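Colleague: Sequence and predicted model, in that order:
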Number of protein chains: 2
Amino acid sequence: MKAKGYMGGVLWVDLTHGTSEVRPLDDGTAEKYIGGSGLGTRILCDETTPATDPLGPENPLIFSVGPLVGTRIFNSNRYSVVSKSPLTGHYGEANSGGHWGGAFKKCGYDALVVTGASAKPVLLFLDGKRVSIEEAGELWGKDTFQTEANLKKRYGEEVQAALIGQAGENLVRLANVITDAAHGRAAGRCGLGAVMGSKKLKAIVVKGDREVPLAHPEKIKELIKRLGPTMREGANFLQYGTSGGVDYCEDIGNIPVKNWHQGPWKPASKISGQEMSKTILTRRYYCGQCTLGCGRVVKAVGGPYDGMEIGGPEYETVGLLGSNCLVDDLPGIAKSNELCNRFGLDTISTGGVIGFAMEAWERGLVGREDTAGVELVWGSVSAVHAMIEQIAFFRDLGKVLGQGVRRAAEVIGGSAGEFALHVKGLEPPAHDPRAKVTVALGFATANRGACHLAAFTHDFEEALFLQDLGLPQLTDRFAIDGKVENVVRMQHLMGMLDALTVCKFCVFGGLTIQPLVEVINYVTGWSMDTDGFFRAGERIFNLKRMFINHCGLSRKDDMLSARWLTHRRGGGTNFLPPIGELLSRYYQQRGWDEFGVPTAAKLAELGIAGS
Amino acid sequence: MKAKGYMGGVLWVDLTHGTSEVRPLDDGTAEKYIGGSGLGTRILCDETTPATDPLGPENPLIFSVGPLVGTRIFNSNRYSVVSKSPLTGHYGEANSGGHWGGAFKKCGYDALVVTGASAKPVLLFLDGKRVSIEEAGELWGKDTFQTEANLKKRYGEEVQAALIGQAGENLVRLANVITDAAHGRAAGRCGLGAVMGSKKLKAIVVKGDREVPLAHPEKIKELIKRLGPTMREGANFLQYGTSGGVDYCEDIGNIPVKNWHQGPWKPASKISGQEMSKTILTRRYYCGQCTLGCGRVVKAVGGPYDGMEIGGPEYETVGLLGSNCLVDDLPGIAKSNELCNRFGLDTISTGGVIGFAMEAWERGLVGREDTAGVELVWGSVSAVHAMIEQIAFFRDLGKVLGQGVRRAAEVIGGSAGEFALHVKGLEPPAHDPRAKVTVALGFATANRGACHLAAFTHDFEEALFLQDLGLPQLTDRFAIDGKVENVVRMQHLMGMLDALTVCKFCVFGGLTIQPLVEVINYVTGWSMDTDGFFRAGERIFNLKRMFINHCGLSRKDDMLSARWLTHRRGGGTNFLPPIGELLSRYYQQRGWDEFGVPTAAKLAELGIAGS
């Protein structure tokens, strides 16, 4: 291929037959879908039908990176996983930082497509020279910490491994893919660890040292030098990690409390990043090429978790496994985080189903006979720990909860569906659609379901860091006007960051739209302008929409759970989002029909008419 | 048992083992659940769990009658079928007139519970002396007309048979149970013919002559004499059959047009009962004990259907297979009705899925490659006939449509879900929730799904025939006040008629609440008063609600399809029902919680706490 920044090949591994091949990545596809979840979705659309079973061998599991990955560009070391989601039954996407993405790319690939399923546990080893499917029976049943330690012993300290814990092995639909296990980096959402488990693929071990070709290395060097100071200053915004926002989020009615049923909750400050810094924090953690260091490393001294030294919980984890369950014990939450990382469970969905289960307990819909005796009362951190184990090992109530909140509500029956909060089958992250209009619309329209990352407006609605977004500044979080345009634009920007597999926090350090476009061109040799950047974001967003649309999702599924639409949060926040009006305006803005389906004209305009 | 009117026994037939037994019906159960679908639901609750597969051998198929059946009381010859519905996955109920109910009861049973499944096609023969499971291989594959003719040849002209056509054999989820096949009486809704098919049970042939014991035969004789004149006058209301209301229903925006997307439709008068009387009608048809004769017999002379002489289409059939598909060819609709009856398909659901499919065709979501070349254009009666065949034989697009509109939309994908109108998985009958507030609320809260019979307010909102309902007269069909009370009361009355298995048209002839209570007491020997009558209705309604609640249905499922809530019908009818407010008021009126679940206090009050 002519474009730089790409290795030019996609590795296809068929685990049923134990074969592999590299297929070239062409310039047209790269320029249209960029990489990461853009390229991943393109492959997913080509390789699946609405009948594809997410846990069947026919479901492709796609790992992919973007053109900046493997370079020295700030925050550029992420990777994306795309597959049909066993949790939601439609579009599945997750991504993560850490150090795997760059090492994978340096093996010489832009993406890896795993198809088929092995009969016995295996791992995949890539080092840029060979592709080796190796026996992994002795790793099966081991947690992520043990597995990583074992792999580093077997292949050397320098290898990076994307792997699953017991949850993925047990096909738990909340299972994630872990890298940098000791620091708990997770491609968390949509249960893609279960897809890996269904293929009996325990780990993908990579060790690469190929160079990523660059179109204009000097200009890149210069840009890195230019942005260096602000990128390092950006670290100040994240001094307390993402959970530094807990108090503020409680104040504005954003953090979930008691399964989204309660408003104010004073103990929030006990689980904040500030409190963490004062107590269990030992140092910050940085993904590859990161100058910001939002990651935490914590250590418990004394108390029930004495000696525990692990990656600390971030905001979403604190919100879902903490306030959502009325748990105000910060070391206890850190332990919950450890257990989720160890077993390979998404902390957001896991906290979501446990909060749901606590409400079901309170309402008398589940009892001791279901939980193997665990008292599932609000605020009980030991109950949370017990549930995480039951979920990971798919036993007792975990058999129900491990299917996600939507299926769990169907199994439990009664009125459980009324307090099973989700969008399109995905449990929500710790941002309340009643706190910001853009969050409501962002949740409703994100392709994978209730997602804070597809529009990222919980942080950026006011666009403080994004003067170059090209839209008016927003000031009233409950106002309607201007919000649809904001969400659409943000979805294109964030979709591009997911295609580039660059960390979204890059904007905190000044790597905003104009510099991003610049650096993409310096790496690839393209002549992309801002319009082209957003056009690619729009193309990718529409392609994902077409995928879920083929799965039968449309306007009726762009719906928030009733609790968010009808139950006022109380405290300072009495807003209920007018979802119907928002959707109508949004479809119009997007050039979609009344049911939320991209029109033929829109698809033709974006060059994806034949998809 | 002490109560008269009952035969005192329930026949249990296990088709897996080829065994049967009669279990006594006790007085307590009879007085609490009356009979018909009340008694049927009680048995269904006892014999199923939320995991019961509707098409698995574990699903009981229950036929039941009420205490007035088999007597000379007007309109009292109906029977009820209750089972878990393969169409909706939850509560399934259907009932029918004709002549089977009385003949079955006179075999000495109040109900029949069929469990298990036969390996080979069988029929069940009952004559009051023996219970015989007989080989029916030679009937398998035959249509309902052929099957009935065959059975009458084999067992004598006087036998009555409840049977299935090819649709039930093929497990089509829209299949019904047919009696009086030559006149097309159908227990139509919820796909219960497929349950019969899953058990390989082709027919239940009955020939009974036992006497139904009566508590006060003289008083019954007197009441029959007293009501006779008005009961015969009631026939005037039904001079043109149920489809005599077509013009009126088009005028007020009640009949579906173009899959519920269009308002006024002038050709409606071409498919009315008045037009039928002028053209193809030969005579009226009367079920057992009926004085009203809403049934039609029609004959085509000349034209494409020359010589066809069959049971004529009633209002729902004309609405769904006619105006809903923009078909204005009355003999053609009669032919559609014939095909549905012949193959054993519910005309309402079948017309619903065909209208849906025509819209999918118009929107380009299905094409010639799906329909085996059939042009599925609006108004094409030949397309309707072709689709009925594809559905019955579960081939081509029928494989998709035969699963009902909800599943079909999932298979077709795209925006199909947006115009797949249903409530709780059941396709709606020909009454528009935008035309009357009580119809909206009745559809939303009927236990089996979109149902006009559970509240029957499309005819009776104004309670013209029901001065003794004990509620204020309603005059404004779009007003909210008073409607919740009306729907609740009507649901109890109609639930009682379904438990008594008495035709709801009885009120046209003056057999209204007070005379009904009287006659129940004359037959059974009870001392029921009006309060007790409505209390039994409430108990039965709540028991059904508990069943669907156990299946996971609650407020979120008491929802109308978006088209009814957001798309104005146009013409004279621009009303959209305020469903949220209606439900809140309704739950309060019923003593249910905010999610639509009966409270423990309400269940205790009704004596069904332990259910």
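Modeller: Cool, the structure landed.
Colleague: so how many other residues sit close to the residue in the stretch 201-350 of chain A positioned nearest to chain B?
Modeller: The nearest approach of the stretch 201-350 of chain A to chain B comes at A:H261, 11.6 Å away (C-beta to the nearest C-beta). For glycine as for every other residue, the C-beta is placed from the backbone atoms N, C-alpha and C. Using other C-beta atoms under 10 Å in any protein chain shown, A:H261 has 17 neighbouring residues.
Colleague: likewise the one 5 residues further on?
Modeller: Look at A:K266: counted by other C-beta under 10 Å, it has 8 neighbours.
Colleague: Distance-wise, check the residue in the stretch 301-450 of chain A positioned nearest to chain B relative to A:D432.
Modeller: As assessed by C-beta to the nearest C-beta, chain B sits closest to A:S415 within the stretch 301-450 of chain A, at 3.6 Å. Per C-beta to C-beta, to the nearest Å, A:S415 is found 22 Å from A:D432.
Colleague: Kindly report the same for A:K142.
Modeller: From A:K142 over to A:D432 the distance is 38 Å, taken as C-beta to C-beta.
Colleague: pLDDT wise, what is A:F465 at?
Modeller: pLDDT for A:F465: 56.
Colleague: Settle it for me: which of A:K142 and A:D432 has more neighbours?
Modeller: More neighbours surround A:D432 than the other of A:K142 and A:D432, with 26 against 18 (other C-beta under 10 Å).
Colleague: Then the more buried one would be within a helix, right?
Modeller: No. Under the criterion used here (DSSP: H, G, I helix; E, B strand; the rest coil), A:D432 is coil, not part of a helix.
Colleague: Give the closest residue to it in space, chain neighbours not counted.
Modeller: A:N254 (5.1 Å; C-beta to C-beta, 6 or more residues apart in numbering or on different chains).
Colleague: burial count for that neighbour?
Modeller: 23.
Colleague: Double-check it against A:T438; I have them as touching.
Modeller: No. Look at A:N254 against A:T438 with C-beta atoms under 8 Å: they stay out of range, at 11.9 Å.
Colleague: thought A:F534 was touching A:M490?
Modeller: No. Counting by C-beta under 8 Å, A:F534 does not reach A:M490; the two are 10.5 Å apart.
Colleague: higher neighbour count, those two?
Modeller: A:M490 (23 against 20).
Colleague: So the nearest residue to the more buried one once chain neighbours are set aside versus chain B, what's the distance?
Modeller: Among residues not flanking A:M490 along the chain, A:A455 sits closest, at 4.5 Å (C-beta to C-beta, 6+ apart). Distance, A:A455 to chain B, using C-beta to the nearest C-beta, to the nearest Å: 22 Å.
Colleague: So A:A455: helix, strand or coil?
Modeller: coil.
Colleague: Any idea how many residues pack against it?
Modeller: A:A455: 26 surrounding residues under other C-beta under 10 Å.
Colleague: Can you check the pLDDT for it?
Modeller: On the pLDDT scale, A:A455 gets 93.
Colleague: Which parts of chain A belong to which domain?
Modeller: Domain segmentation of chain A under automatic domain parsing yields A:9-206, A:240-415, A:437-605.
Colleague: roughly how far is the last one from the heart of the chain?
Modeller: Think domain A:437-605. Here domain A:437-605 is found 15 Å from its chain centre; the criterion is C-alpha atoms, centre = their mean, to the nearest Å.
Colleague: quick one: the strands in the stretch 201-350 of chain A?
Modeller: A:201-206, A:281-285, A:295-299, A:309-311 (DSSP state E, counting those that start in this stretch).
Colleague: Deepest in the core, which of these is it.
Modeller: Among the strands of the stretch 201-350 of chain A, strand A:201-206 has the highest mean neighbour count (mean count of other C-beta atoms under 10 Å in any protein chain shown), at a mean of 27.
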